[in-house]
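Asks: Take this sequence and fold it.
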Amino acid sequence: MIRTISRKKTTKWNLIIRYSSIILAIVSGIVMVPLYLKFIPIDIYGAWLASGNILVWLSFIDPGLTVVLQQQIGFAYGKRDYQSLREIIFGGLLISTLISVTIIIIGLLLAPYLPLFLNIELTNVSNNIIQAFSLAVIGTSLTLLSFSIAAVNQGLQSSMGFGLISISVTLLSTILTAVLLFNGFGLLAIAYASVFSGVLYTLGQAIYLLRRLVIEKIGVEVSFNNFKYLTKTLSYSFLGRSASTLANNLDLLVVSQFLRPETVSVLAISRKFPDISKEFINQPSVAFQPAISHLMGSGEIEKARNTLTRLIRILYWMLCLVVGGLIALNDNFVTIWVGPHIFVGTSINLILCITLFFTVATACLRNICTALGDIKGNSIATLAQSLLFIPLVIFGTKYFGLIGAVLAPLISTLAVSVWYYPKSFSKLLNLSFKDYKSYLFETILPLVAMLVLAFGFSLFQINDWLRFFFFLFLYCTLFVCFLYLASKNFRKEINEIINLMRINFRN
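Replies: Numbers count the residues shown, from 1 in each chain. As a prediction, the model looks like this:
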């Protein structure tokens, strides 16, 4: 018999592990970028970032298996359909293995043509980039394989075990990269660390899954009964994911083609913290996905509605807090971190922050709708947005420069995601007019706090870390105080946290 696992416990550990990973990524990112710039020339680093876009493109071969696999396994596990569960595990791991092998073959065949794609001459430098790219292909394919195995673990409501594996490997990989950089490996330090991570990720997740299958006596059945349904579902996600992968990793390559290679580094570094913030805010919606699928599989729709309403409200508060802080303080952060010559400028930073606001809001809804079962519709919406973004970023960058490149994702998001995902979410949970009014009211107060504080704090010039963290703390404190006074729901959430801390302290 398969034991029942607490969804609350699973989600709690998911949040802890994911935020621990984000914090580790922030720390390692802040530490590693200056090291990269110290040991790797900026033009080579810019070319490597652009080649990373091509590397990520290879992952379009993955038809979105991890998302589908996690949702299908979570649903079957919640429904207690153990026969389908075993068949899905077998089919998913088989497809994932084939995908990983295909990526390695195609990547190694493309590697010699990398200088042509990056518009650089054939030199010892380009040969070094080719070698690093080839190693990174292997590391990326293994990492994708580990993601599929981890998706099975999460669908089975696992959290702590697979998360500890991820954190441990990330930490070891960061240390290895630093050691190799200091020992003169240059760009190859990043590549060797990628292979190292891929191997350990895959082994760790596979061992953990095998342990779960043995202990709970789940097993894996070699059967193709569910294989056809799984591949049909993947056909929808493949279109959306492949186009999205291409689109999300096109801008740096386009910038490298039409602008100077140094501009790639400037843009990538200036949006480093917005990108990290995106992952930080998005984590709760990802952490809740296994529990949401399990809830739907068990038929607890009303409970899912109440839980998700509360989740979206909290995510929106976080989003307004972070976006306002980035508008006000990102220029100071980049200046103190790597120097004023790296920052893209106030206007482009504002566009990046507005884009972050809409992309994160819609991404969170997309994750939730996918967990609820809307894989086909989400995939079509993602495909449409990506097909709109690709010509926008190419022509925008060519004729308007860097500002055209950063406006492209904002325009495409407003044209598709901003209306589709709220509509899908509403339909899946049968939201009422009263629900709409509640959501609308809750969007106004945090938005006002974000705009007022962002404008006020943008007036200050900060040139050292001590003052930066002081202003960051002050900004967060004022934002929280404003919402606590103005929002009944915010006060309720804060009071629940305080009461929970009191209970834990007494125990």
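Asks: Lowest mean pLDDT among the helices and strands of this protein, which one is it?
Replies: Within the chain, no helix or strand scores below helix 227-248, which has a mean of 67 by mean pLDDT, DSSP states H and E.
Asks: Counting by contacts, list what whichever helix or strand comes after that helix packs against.
Replies: Going down the chain from helix 227-248, the next helix or strand is helix 251-258, by DSSP states H and E. Using 3 or more C-beta pairs under 8 Å, 6 or more residues apart in numbering; DSSP states H and E, the elements in contact with helix 251-258 are helix 42-57, helix 114-118, helix 261-270, helix 375-400, helix 402-415. (C-beta placed from N, C-alpha, C; glycine too.)
Asks: can you do 6 Å?
Replies: helix 42-57, helix 261-270, helix 375-400 (3 or more C-beta pairs under 6 Å, 6 or more residues apart in numbering; DSSP states H and E).
Asks: so how far is the last one from its chain's centroid?
Replies: On the basis of C-alpha atoms, centre = their mean, to the nearest Å, helix 375-400 sits 18 Å off its chain's mean C-alpha point.
Asks: what angle do it and helix 402-415 make?
Replies: Using axes from the mean of the first three to the mean of the last three C-alpha atoms, to 10 degrees, the direction of helix 375-400 lies 150 degrees away from that of helix 402-415.
Asks: Can you give me the buried ones in helix 375-400?
Replies: Of the residues in helix 375-400, 375, 377-379, 381-390, 392-394, 396-397 count as buried by neighbour count, 16 or more other C-beta atoms under 10 Å.
Asks: In this protein, which helix is the longest?
Replies: helix 301-338 (DSSP state H).
Asks: buried stuff in that helix?
Replies: 304-305, 307-309, 311-313, 315-335, 337-338.
Asks: on that earlier part again, make JSON lines from the helices and strands packed on helix 251-258 and add distance to Met32 to it.
Replies: Shown next, in JSON lines, are the helices and strands packed on helix 251-258 (distance: least, C-beta to C-beta, whole Å):
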{"stretch": "helix 42-57", "distance to Met32": "11"}
{"stretch": "helix 261-270", "distance to Met32": "12"}
{"stretch": "helix 375-400", "distance to Met32": "27"}
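Asks: Rebuild those helices as CSV, extending it with distance to Ile95 and mean pLDDT.
Replies: Formatted as CSV, the helices and strands packed on helix 251-258 follow (distance: least, C-beta to C-beta, whole Å; pLDDT from 0 to 100):
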stretch, distance to Ile95, mean pLDDT
helix 42-57, 20, 70
helix 261-270, 32, 78
helix 375-400, 15, 86
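Asks: and of these, who's closest to Leu451?
Replies: Between Leu451 and these, the tightest spacing by C-beta to C-beta is seen for helix 261-270, at 21.7 Å.
Asks: Could you list every helix and strand in contact with that closest one?
Replies: helix 42-57, helix 251-258.
Asks: quick revisit: just name whatever secondary elements the longest helix of the chain is in contact with.
Replies: If contacts are counted by 3+ C-beta pairs under 6 Å, 6+ apart, helix 301-338 sits against helix 272-287, helix 346-372, helix 433-457, helix 465-486.
Asks: Next, the angle from the shortest one to helix 301-338.
Replies: Taking the same axes, to 10 degrees, one finds helix 272-287 and helix 301-338 inclined to each other by 160 degrees.
Asks: ok, Lys487 - how many residues close by?
Replies: Small correction: residue 487 is Ser, not Lys. Using other C-beta atoms under 10 Å, Ser487 has 20 other residues around it.
Asks: What residues does it make contact with?
Replies: By C-beta atoms under 6 Å, 6 or more residues apart in numbering, the contact set of Ser487 is Leu445.
Asks: Quick one: the helices and strands packed on helix 301-338 as TSV, columns for mean pLDDT too.
Replies: Formatted as TSV, the helices and strands packed on helix 301-338 follow (pLDDT from 0 to 100):
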stretch	mean pLDDT
helix 272-287	79
helix 346-372	87
helix 433-457	81
helix 465-486	91
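Asks: For Leu145, which of the helices and strands packed on helix 251-258 is the nearest?
Replies: Using C-beta to C-beta, the nearest of the helices and strands packed on helix 251-258 to Leu145 is helix 42-57, at 15.5 Å.
Asks: before we move on, the earlier item: how about a markdown table for the helices and strands packed on helix 261-270, with mean neighbour count and distance to Ile411 added?
Replies: Listed next are the helices and strands packed on helix 261-270 as a markdown table, based on neighbours: other C-beta atoms under 10 Å; distance: least, C-beta to C-beta, whole Å:
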| stretch | mean neighbour count | distance to Ile411 |
| --- | --- | --- |
| helix 42-57 | 21 | 20 |
| helix 251-258 | 21 | 13 |
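Asks: sec struct for Gln461, please.
Replies: coil (DSSP: H, G, I helix; E, B strand; the rest coil).
Asks: Against Phe468, how distant is it?
Replies: 11 Å (C-beta to C-beta, to the nearest Å).
Asks: higher neighbour count, those two?
Replies: Shown here are Gln461 and Phe468; by other C-beta under 10 Å, Phe468 has more neighbours (18 against 9).
Asks: ok, now which ones touch the more buried one?
Replies: 332, 336, 462.
Asks: Between those residues, which sits nearest Ala408?
Replies: Once C-beta to C-beta is applied, the member of these that ends up nearest Ala408 is Asn332, at 26.6 Å.
Asks: Leaving out chain neighbours, which residue sits closest to that closest one?
Replies: Leaving out its chain neighbours, the residue that sits closest to Asn332 by C-beta to C-beta, 6 or more residues apart in numbering is Ile462, at 4.1 Å.
Asks: list the contacts for that neighbour?
Replies: Residues near Ile462 by C-beta under 6 Å, 6+ apart: 332, 468, 471.
Asks: so who does Ser51 touch?
Replies: Residues near Ser51 by C-beta under 6 Å, 6+ apart: 114, 133.
Asks: just use 766 as the starting number from now, easier for me
Replies: With 766 as the first residue, the last one maps to Ser816.
Asks: Quick one: neighbours of the closest residue in space to Leu1152 that isn't next to it in sequence, just the number.
Replies: The shortest distance from Leu1152 to any non-neighbouring residue, by C-beta to C-beta, 6+ apart, is to Ala1008 (6.2 Å). Ala1008 has 21 neighbours, counted by other C-beta under 10 Å.
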